[in-house]
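K.L.:
heads up, no residue letters with this:
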């Protein structure tokens, strides 16, 4: 496999999270932390694969429930399995949305919007099952029992290798 050069054009993960939560709430379907983790993972995956850029520095951990970005989990775990309230986005009007989109950049906003269309209507459980059948998560969980906790990282190399072969 040829060496892949990845551009480091990362944003703050919380800005990506804010935009995702905004999209779900705007459409009247609040999102839980569990589902958010999977949507966030696919945003990271496809930004990496399509644009060769890293969304944010932190890497996803291979938890029994699928990929998890620990800092986001830690911030939102207080909501449990309830939807994350829209107030967390601090978006009050269209100007706030435009400013957030500017911070994220068109390329990343396009990826988020595409992921929302592609995976957005799936349930958290469906998304968990999908990630459980994909080799980047499976590779990171190799040797672990299904319910065993782990902070093992899902590697960017595994992500690129696996998802580059998938027909969008």
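P.N.:
Yep, that arrived. Just so it is clear, the model here is predicted, and its values are computed rather than measured.

K.L.:
what about residue 73, is that helix, strand or coil?
P.N.:
On the three-state scheme (DSSP: H, G, I helix; E, B strand; the rest coil), residue 73 is labelled helix.

K.L.:
I'd like to know how many residues surround it.
P.N.:
Neighbour count for residue 73, taken as other CB atoms under 10 Å: 17. Using the backbone N, CA and C atoms, a C-beta is placed for each residue, glycine as well.

K.L.:
For it, give its distance to residue 150.
P.N.:
14 Å (CB to CB, to the nearest Å).

K.L.:
Name the nearest residue to the most centrally placed residue in the chain, ignoring sequence neighbours.
P.N.:
By CA atoms, centre = their mean, the chain has its centre lying nearest to residue 40, at 1.3 Å. Distances taken as CB to CB, 6 or more residues apart in numbering place residue 69 nearest to residue 40, at 5.9 Å, with adjacent residues excluded.

K.L.:
quick one: low-confidence parts of the chain?
P.N.:
Scanning the chain for pLDDT under 70 picks out 1-11, 167-168.

K.L.:
50 - rerun?
P.N.:
1-2 (pLDDT under 50).

K.L.:
just the strands in it please.
P.N.:
For the chain, strands defined by DSSP state E occupy the ranges 61-63, 66-68.

K.L.:
Just name the most buried of those.
P.N.:
Ranked by mean neighbour count, the strands of the chain are led by strand 66-68 with a mean of 24 (mean count of other CB atoms under 10 Å).

K.L.:
so what does that one touch, helix or strand wise?
P.N.:
helix 33-51, helix 124-132, helix 135-140 (3 or more CB pairs under 8 Å, 6 or more residues apart in numbering; DSSP states H and E).

K.L.:
Now do the same contact list for the residue nearest to residue 40.
P.N.:
Contacts for residue 69 (CB atoms under 8 Å, 6 or more residues apart in numbering) come out as 13, 37, 40-41, 44, 56, 58, 60-61.

K.L.:
again with residue 97
P.N.:
Residue 97 neighbours (CB under 8 Å, 6+ apart): 22, 91.

K.L.:
For it, give its distance to residue 109.
P.N.:
Counting by CB to CB - residue 97 and residue 109 are separated by 10 Å.

K.L.:
hang on, the earlier thing: may I see the helices and strands packed on strand 66-68 arranged in CSV, with distance to residue 90 as well?
P.N.:
Below are the helices and strands packed on strand 66-68 laid out as CSV (distance: least, CB to CB, whole Å):
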stretch, distance to residue 90
helix 33-51, 16
helix 124-132, 24
helix 135-140, 31
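
K.L.:
Fine, thanks again, bye for now.
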